[in-house]
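Colleague: just to be clear, the model below is a prediction. Sequence and coordinates:
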Amino acid sequence: MAQIYTIGDQPVTITALSAEKEALGKQYANRIWEIIMTLPDKNREVLVLDIQHGLSIGEMSDLLNVPQGTVKSRLARAREKVKQAIQKEERE
């Protein structure tokens with residue numbers, strides 16, 4: 001992630017994160033994927049199609065041969081389960 005600062009009248013772009021922040025970000029992302037992989041298959045598949053492949057609701061509906069409403073409800077359920085798992089870990 002690039003940040004642009006102005007020193008005097010010259011813009012300076014800083015792209016490097018501190019090693020600690022970068023490591024924590026990777027660790028957090030890895031934990032999120034671990035949580036996603038524990039979801040029931042039907043919830044996990046729509047979340048992976050959304051996050052990793054960037055498919056639209058319509059594209060997922062066609063691919064999985066289910067109504068768009070089903071995709072939406074599975075996606076909402078998957079997101080909620082991930083959110084709850086993260087919140088639970090943060091409380092512990």
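Modeller: Arrived safely, thanks for sending. Numbers count the residues shown, from 1 in each chain.

Colleague: tell me which residues touch V48, please.
Modeller: By C-beta atoms under 8 Å, 6 or more residues apart in numbering, the residues touching V48 are I36. Yep, even glycine has a C-beta here, placed from its N, CA and C like the rest.

Colleague: separation between it and L24?
Modeller: As for V48, its distance to L24 is 24 Å (criterion: C-beta to C-beta, to the nearest Å).

Colleague: now swap in G54 and tell me
Modeller: Distance of G54 to L24, given as C-beta to C-beta: 25 Å.

Colleague: more neighbours: which of those two?
Modeller: L24 (12 against 8; other C-beta atoms under 10 Å).

Colleague: got a list of what the most centrally placed residue in the chain touches?
Modeller: Against the mean C-alpha coordinate of the chain, by C-alpha atoms, centre = their mean, the closest residue is I51 at 5.8 Å. I51 sits next to I36 when contact means C-beta under 8 Å, 6+ apart.

Colleague: and it, what's its pLDDT?
Modeller: Here, the pLDDT recorded for I51 equals 88.

Colleague: also T6?
Modeller: Model confidence at T6, given as pLDDT, is 49.

Colleague: show me which helix or strand of this structure is least confident by mean pLDDT.
Modeller: In the chain, no helix or strand scores lower on mean pLDDT, DSSP states H and E than strand 3-7, which sits at a mean of 52.

Colleague: could you point out the longest helix of this structure?
Modeller: helix 68-91 (DSSP state H).

Colleague: buried sites along the helix or strand harbouring L24?
Modeller: Assigned by DSSP states H and E, L24 belongs to helix 19-37. For helix 19-37, the neighbour count (16 or more other C-beta atoms under 10 Å) marks I35, I36 as buried.

Colleague: for that helix, what is the average pLDDT?
Modeller: Summarised as a single mean, pLDDT over helix 19-37 is 81.

Colleague: how far out from the middle of the chain is it?
Modeller: Relative to its parent chain, helix 19-37 has a centroid offset of 10 Å by C-alpha atoms, centre = their mean, to the nearest Å.

Colleague: elements contacting it?
Modeller: If you count contacts as 3 or more C-beta pairs under 8 Å, 6 or more residues apart in numbering; DSSP states H and E, helix 19-37 packs onto helix 41-51, helix 68-91.
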